[in-house]
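Trainee: kindly return the folded structure for what I paste below:
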Amino acid sequence: MSQTVPGNGPAFRDVVRNRNYMLLWLGQTVSQLGDALTIVALPLLIYSMTQSVTSMTLTFVIESVPWIFIGPFAGVLVDRMNRRTVLIGVDLLRAVCVAMIFFSTSVGFIYVLCFLTQTLAAIFAPARSAVIPELIERELYVKAIGLSQSSFQTVQIVGPFLATGVIALFGGPRASFLADTVTFLVAVSLTLMIQFPKQAEKAAPTQRPSFFKSFGEGASYLFGHKVLRYVTMINLLKGITQSVVLTSSVLYCKTQLQMSAESSDRLYSVVVAALAIGIILGTTIISSMDKKIDRRFLIIGGLMFQGLTFLSIQFHPGPILLVGLYGLSGFFASGALTPVSACYAESTPNEVRGRVYSVVNSLIRVALAVGYFAAGMIGERFGALTLLTCGGLLLVLATPLLTVVLRGFSALSPKQPPLPQAPTASAK
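Mentor: Have a look, this model is predicted:
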C-alpha cells in the first residue's frame, strides 16, 4: 500500500500509487461502461421484440426484485466467503448471462437472465464496497471514494453516447450485450492481478450462526449506530427524490417547452449529462478539500440547496437555463455522495461490512421503487411542475427534519469515538 508523507494531508497521487486499488477501480470502471451499454440496449431490444411498452417496463420491475428481496442477504454470503473469490466468480457468471441475452430470441428467457444478472449484481455490490477498505488506507477513503464517484458519473455521460454508436454501427441493440460481456472479462482479468491482503483470522464458533441470524446482526449494527442510521435515512431520502426528479424531468422536457419529440429527447439527454457533470465537479472539489469542509455542511446544505434549484424551475426557465440549473443541482447533490460513502467506510467494522452494505443497497432500491410509484401517480394527475415542486420541497423540508429527529448534527461531529465492537455469534 502507498504511504502518505508525514505532516501532509493525503492527495490523489497517494490513491493512484496504490496498485491494488487502481486495478479494482479500473476494472469496475470498464465494467460500468459495459453496464451503461446494456442499460440503453435492453429496453430497446425488448420493445423491438414485443412492440409493447408494458413488456419493456416489466424489465425494470424484474431487475429491481433481487435488490429488494435478495440484496439484504447477499452481505451474509459476502462476509462468509473470500471476497476475491466472490468478485471474480460473480463477474464471470454475469458475463455468461449477458452473452446469453445476445443469442436469446425468447422474451421470457431474457426476463430470467435479467433477474439472474441483477441477483449477481446484488451480491457483487456489497463485496466490492467491503473490499475497498481492505485495499487502501483509512486516510485515503474519501479520495478513493471520490475517484470512484467521479468515474461513475463520467460513465453516465459517455455510456449512452457509446451505446448509440454501437447500435448505429451494428444496426441494432444486440451487439451491445457482446461488448458488455467483454467488459466483464476485462474486469475479471484486472481483479486477478490484485494482491488481496490476507483476511484476519476470526475465532470461529463450533457451530456457525444461522443465515437469518447473521443478517439480523448486520441490520442491527446498521440501525444501532447513530452515524450509519442517519446517513442511511439520508440515502433513502435521496433515493425517493431521485425517482421523483428523474420522472418529472422527462415530463418537463416533453410537455412544458413546446418542443418537438426529437428535440425534447435531446434536451433530456443533455439535462441528465449536465446533472452528471455537476456531480463530477462537486465530487472533485470535495475530495480535494475533504479535511477543510465540515461534512455536516456538505450533506445538509448540499441537499437543501439542490431542492431550491428544483423549486426555481417553477419560474419556467428556457432550455439553456434549465440545463444550467440541472448542472447546479448535480453540484449540490455531490455534497451527500462522497461524505456519506466515507461515513459508511469509516463507521463499519470489516467483519460486518458486507451485511451492512447489502441491507443499505436493498433499502435504497425500495426507496427508488416507492419514489417511482408515487411520481407516476402525481405526474400523471398534476403534471411536471407539481412533481418537481414535490421533489424540491422534500429535500428542503425533510433534510433538516431528519437531521433534528436523528440528531444528525451531533452524529457527524468530526470527533468520532473508535468503532464499537461488531456483534458476533458468541456474544451474549
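Trainee: where do the strands of the chain begin and end?
Mentor: Counting by DSSP state E, the chain has no strands at all.
Trainee: any regions of the stretch 1-150 of the chain where pLDDT drops low?
Mentor: 1-12, 47, 52-54, 56-57, 71-72, 75, 149 (pLDDT under 70).
Trainee: residue ranges of the helices in it, please?
Mentor: 12-16, 19-50, 53-65, 71-80, 83-103, 107-135, 141-170 (DSSP state H, counting those that start in this stretch).
Trainee: what angle sits between the last one and helix 19-50?
Mentor: Calculated by axes from the mean of the first three to the mean of the last three Cα atoms, to 10 degrees, helix 141-170 forms an angle of 40 degrees with helix 19-50.
Trainee: again, but for the fourth one
Mentor: Here helix 71-80 points in a direction 150 degrees away from that of helix 19-50 (the same axes, to 10 degrees).
Trainee: OK, contacts around the closest residue to residue 270 other than its chain neighbours?
Mentor: Closest residue to residue 270 apart from its sequence neighbours, by Cβ to Cβ, 6 or more residues apart in numbering: residue 323 at 5.6 Å. Bear in mind the C-beta positions are built from the backbone N, C-alpha and C, glycine included. Shown in contact with residue 323 (Cβ atoms under 8 Å, 6 or more residues apart in numbering): 267, 270-271, 274.
Trainee: so which bits of stretch 93-111 are buried?
Mentor: 93-95, 97-102, 104, 110-111 (16 or more other Cβ atoms under 10 Å).
Trainee: what about that stretch, start to end distance?
Mentor: The first residue of stretch 93-111 is 16 Å away from its last residue (Cα to Cα, to the nearest Å).
Trainee: make residue 1 into 853 and carry on from there
Mentor: In the new numbering, first residue 853, that becomes stretch 945-963.
Trainee: who's in contact with that stretch?
Mentor: 886, 890, 894, 897-898, 901-902, 907, 910-911, 914, 965-966, 968-969, 972-973, 976, 1026-1027, 1029-1030, 1032-1033, 1036-1037, 1040.
Trainee: one more time with 6 Å
Mentor: 901-902, 914, 965, 968-969, 972, 1026, 1029-1030, 1032-1033, 1036-1037 (Cβ atoms under 6 Å, 6 or more residues apart in numbering).
Trainee: contacts for stretch 1086-1094?
Mentor: Applying Cβ under 6 Å, 6+ apart, the contact partners of stretch 1086-1094 are 1216, 1219-1220, 1223, 1243, 1246-1247, 1250.
Trainee: er, stretch 969-978 actually
Mentor: 915, 918-919, 922-923, 926-927, 930, 942, 945-946, 949, 1206, 1209-1210, 1213.
Trainee: between those, which is nearest residue 1192?
Mentor: residue 1209 (12.5 Å; Cβ to Cβ).
Trainee: residue 988 contacts residue 994, doesn't it?
Mentor: No. With contact defined as Cβ atoms under 6 Å, residue 988 does not reach residue 994; the gap is 10.6 Å.
Trainee: what number of residues lie near the residue lying closest to residue 1254 once chain neighbours are set aside?
Mentor: Nearest residue to residue 1254, sequence neighbours excluded (Cβ to Cβ, 6+ apart): residue 1085, at 5.2 Å. Residue 1085 has 20 neighbours, counted by other Cβ atoms under 10 Å.
Trainee: give me the neighbour count for the residue lying closest to residue 912 once chain neighbours are set aside.
Mentor: Using Cβ to Cβ, 6+ apart and skipping residues adjacent in sequence, the residue nearest residue 912 is residue 895, 7.9 Å away. Here the number of neighbours of residue 895 (other Cβ under 10 Å) works out to 17.
Trainee: how far away is residue 895 from residue 1171?
Mentor: Using Cβ to Cβ, to the nearest Å, residue 895 is found at 25 Å from residue 1171.
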